Structures are given as structure tokens and as C-alpha cells.
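Enquirer: Next come a sequence and a model predicted from it.
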Amino acid sequence: MPLDATPRNRPGTISGSITLPWCTEASRFPRKWAGDKKGKYGVETPYRDRECNEVAAKMGQYIFTDRFRKARKILICAALVAFLVSGCGADRADDPASSAPTITEAAARTDQKGLSITVPGTLAAGFAELAAGVRGHIGMAVMPVGGDQLVSFGDWTSGPAWSTMKVPLTIAALRHNPGASTYAASAAITASDNAAADVLWQSLGTAQEAAEAVQAVLREGGDTKTTVPATRARPEHSAFGQTEWSLVDQVRFAARLPCLSQSARVTSLMEQIVTSQRWGLGELNGAEFKGGWGPDTSGAYLVRQFGIITAPSGQIAIALAAQPDSGAFGDGMNALDKLATVVSQHLDELSGGNCTA
């Protein structure tokens, strides 16, 4: 696959594929250039941009300038974003004591805002191509079941959980009362029945006790940040459904979900979603998932899903979301259909996992 063969990179760009957008263009601020002088790492270096220089230098440690021979190897691994086929790896800097991260490691970090790695034919490229044609905001996060490395894509990152929060709610209710209504648990998950979910919520005690019980399940599942409210932020909607749940926290929970005690009954129900709600992840064979959707105060819909899918290498936790500019539920649903299709085309790139004893 061809890489950028431009003789020189712009400030803040390494080999045309890894972009450091926080580095300013030379034209934005007056600065002196040393006659097109290049730094030791083959990256044009403006004198008065210390932060850009330091970052570019770190990233440059991993890239040769001899026609991008080593850049190709690194970018292929980076595009798989920490879900690599066994045996693939990028050379580190010559100094073994160096603590600078590899590009692959950097790409797997959620704090690397603006870092863009795209190699044709990969999941990252497929997502980027889809996102370019979507009118609105989309996001996705993936993680091996039982693993601890996740990667996220897109510009949608967090919003109300809506009915996806019925998964930890149902686990909490079944733990609290194993003899709880089988109908309520089944309806809340398979048909996203709101009345059934309210029955489960009320079975946990007071509103505060219910919120704490659901939140405890999240903590057990590796989500250390999400707070479940005890009161309704919007009177017409449930308290738990308005929980702010980010994609990265949701996928962390999903990666632990099959491993939680007494979760098997719920994950089994997640594989039995009614036909009318089997869009998005529901189009993937054997997917255990739950969707959630609802309007904001202006009536514009957010549509999201999360769950477990199966790849040749094991189970993968995934979370998707779409918030179309049109605000229409149908457009959000169609965006998730397309996202799921992209994922299905690249399952062999992802390293799955499983629950460890």
C-alpha cells in the first residue's frame, strides 16, 4: 500500500500518516525557519514550537527516512490499534532505556486526542471513510473480553445511557432477588420494555438504594467513573436511563460483563433481542447486545448499542453510538447498521479474549 511520498512533511506530520494537529502551521504564527532545515528525525522543525518539536522527536524515533521502509511496518501494526495478529511489532528506538511509547501504544491510549492513524484496508480506514459520509456524529470503542486495552474511534464520546443501562440494572435486580419476575427481566432486555425495567428498579428498594445497586455492578465490571442518579433529570424518562455513560466506560464494562457472577442469564437474554430491534450489532451472528435510544430536549435522537461479538480469535466487547444531524431515529439506526457492517469486514484484525479464572 503506498505511503505519502512527499519529499518533506509539514510541521507536525510524520510520514503523512501520523498527524499531530496541536502543532501549528508555520503560517499561523511568525517564526523563523533555518532554510528548510530538517531535524535529526527527518521532520521539519520550527525553532519556536518546543512542544511540537518534542512530540515529533518522540514519534520520529520510530521512523526511518529511507523511503518510509520502517514506517510501513509501524503503520501496519498501528492501524490494527493494539488488536494485532500475534507476531507483529514495531522496532523501538536504539536506546533500550527509552521510555517513549511506540506508535501502536500511543494509538491505544484514549488520552492521545487528535492522533490519527489510517492505513487503507483496515478497520480504522473503514471507520474514517464511513464517518466522512455521515451527517452527524458517530463513535465506536472496542476491547477484548477480559482484556485491559481499548481503542476508540469517532467524535461522539458520551451521552445518556438510555436503555443500555437496563443490562446492569437487570443484573442488580436478579442478584437482589433471584426469584424476581422472569418476565420483567426478559422483557426489559429482549424487548427494552420500560415498564418491566421500572419493576426491576423498584425491586431494589428506595431510589437511592436502586442507584447504588446498579452502580455497584458497573464498578464490578470495571467502570470506575459512571454515576447512576437516584432521581429523574427529566420527569418523562427514567433516572437510570439518563445516566451519562461514555463509550469507553461502557466498553470496559462490556469487556467484563461475561465474567461477572450471575451475568450469564442476562447475556443469554441479550442474544434473544426481538426482531424489530435487531439492527446494528443485531445483524452480526451470535451477538449479545442491548440498544438504547431517545431524544434530547430538542427532540433529536441519540442511538446507541453495546455488547459482545465473536471474532476468530475470541470475544470482543464493542460500543457504538450515532447522533445524526437530522435528529431522526431512523438515521441513527442506519448509521449503526453501517458501523456494524464495517466491523464485520474487519473481525480478523481484532484480537478477542475470554474470561480468565
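Expert: Now that the structure is in, tell me what you want to look at.
Enquirer: Let me see the mean pLDDT of the helix or strand hosting Ala141.
Expert: Using DSSP states H and E, Ala141 maps to strand 136-144. Strand 136-144 comes out with an average pLDDT of 98.
Enquirer: Name the strands paired with that strand and say parallel or antiparallel.
Expert: Strand 136-144 sits in its sheet next to strand 151-154 (antiparallel), strand 314-324 (antiparallel), going by DSSP bridges.
Enquirer: which one of those strands is the most hemmed in?
Expert: strand 314-324 (a mean of 25; mean count of other C-beta atoms under 10 Å). (Each C-beta comes from the backbone N, C-alpha and C, glycine too.)
Enquirer: any idea which helix or strand comes after that one?
Expert: Trace forward from strand 314-324 with DSSP H and E and the next one is helix 329-344.
Enquirer: Against which helices or strands is that next one packed?
Expert: Counting contacts by 3 or more C-beta pairs under 8 Å, 6 or more residues apart in numbering; DSSP states H and E, helix 329-344 packs against helix 123-133, strand 136-144, strand 288-295, strand 301-311, strand 314-324.
Enquirer: Adding distance to Leu150 as columns, could you present those in CSV?
Expert: Compiled in CSV, the helices and strands packed on helix 329-344 are given as follows (distance: least, C-beta to C-beta, whole Å):
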stretch, distance to Leu150
helix 123-133, 13
strand 136-144, 4
strand 288-295, 17
strand 301-311, 12
strand 314-324, 8
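Enquirer: where in the chain is pLDDT low?
Expert: For the chain, the stretches with pLDDT under 70 are 1-118, 180, 357.
Enquirer: which residues in it form helices?
Expert: Per DSSP state H, the chain carries helices over the ranges 50-60, 69-79, 103-107, 123-133, 166-176, 182-190, 194-202, 207-220, 247-256, 264-269, 329-344.
Enquirer: Pro160: which of those is closest?
Expert: Of all the helices of the chain, it is helix 247-256 that lies closest to Pro160, at 11.6 Å by C-beta to C-beta.
Enquirer: Who are the packing partners of that closest one?
Expert: Using 3+ C-beta pairs under 8 Å, 6+ apart: helix 247-256 touches strand 136-144, strand 151-154, helix 207-220, strand 301-311, strand 314-324.
Enquirer: With just CA atoms, put the shortest one into PDB.
Expert: Yep, that's strand 151-154 we're talking about. Taking C-alpha atoms only, strand 151-154 is exported to PDB below (Å, rounded to 0.1, in the frame of the first residue of the first chain):
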ATOM      1  CA  VAL A 151      -9.300   1.800  21.300                       C
ATOM      2  CA  SER A 152     -12.000   4.300  20.400                       C
ATOM      3  CA  PHE A 153     -12.900   6.000  17.100                       C
ATOM      4  CA  GLY A 154     -15.000   9.000  16.200                       C
END
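Enquirer: tell me which residues in stretch 261-269 are buried?
Expert: Ser263, Val266, Thr267, Leu269 (16 or more other C-beta atoms under 10 Å).
Enquirer: one step back: please render the helices of the chain as JSON lines that adds distance to Leu350 to the earlier fields.
Expert: Output for the helices of the chain, formatted as JSON lines (distance: least, C-beta to C-beta, whole Å):
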{"stretch": "helix 50-60", "distance to Leu350": "25"}
{"stretch": "helix 69-79", "distance to Leu350": "12"}
{"stretch": "helix 103-107", "distance to Leu350": "14"}
{"stretch": "helix 123-133", "distance to Leu350": "7"}
{"stretch": "helix 166-176", "distance to Leu350": "22"}
{"stretch": "helix 182-190", "distance to Leu350": "25"}
{"stretch": "helix 194-202", "distance to Leu350": "31"}
{"stretch": "helix 207-220", "distance to Leu350": "24"}
{"stretch": "helix 247-256", "distance to Leu350": "12"}
{"stretch": "helix 264-269", "distance to Leu350": "19"}
{"stretch": "helix 329-344", "distance to Leu350": "8"}
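Enquirer: Which of those sits closest to Ala317?
Expert: helix 247-256 (3.6 Å).
Enquirer: okay, the angle between the closest one and strand 301-311?
Expert: 40 degrees (axes from the mean of the first three to the mean of the last three C-alpha atoms, to 10 degrees).
Enquirer: related to what we said a few turns ago, can I get the strands paired with strand 136-144 in JSON lines including distance to Gly222?
Expert: Shown next, in JSON lines, are the strands paired with strand 136-144 (distance: least, C-beta to C-beta, whole Å):
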{"stretch": "strand 151-154", "distance to Gly222": "15"}
{"stretch": "strand 314-324", "distance to Gly222": "10"}
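Enquirer: Could you point out which of those sits nearest Ala254?
Expert: Among the strands paired with strand 136-144, strand 314-324 sits nearest to Ala254 (C-beta to C-beta), with 3.6 Å.
Enquirer: Report the backbone C-alpha coordinates of that closest one in CSV.
Expert: Below are the C-alpha coordinates for strand 314-324, written out as CSV (Å, rounded to 0.1, in the frame of the first residue of the first chain):
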residue,chain,number,x,y,z
GLY,A,314,-12.3,-14.8,20.7
GLN,A,315,-14.9,-12.5,22.2
ILE,A,316,-14.8,-8.7,21.6
ALA,A,317,-16.6,-6.0,23.6
ILE,A,318,-18.0,-3.2,21.5
ALA,A,319,-19.9,0.0,22.0
LEU,A,320,-21.4,2.1,19.2
ALA,A,321,-23.3,5.4,19.1
ALA,A,322,-24.7,7.8,16.5
GLN,A,323,-26.3,11.2,16.8
PRO,A,324,-27.4,12.3,13.3
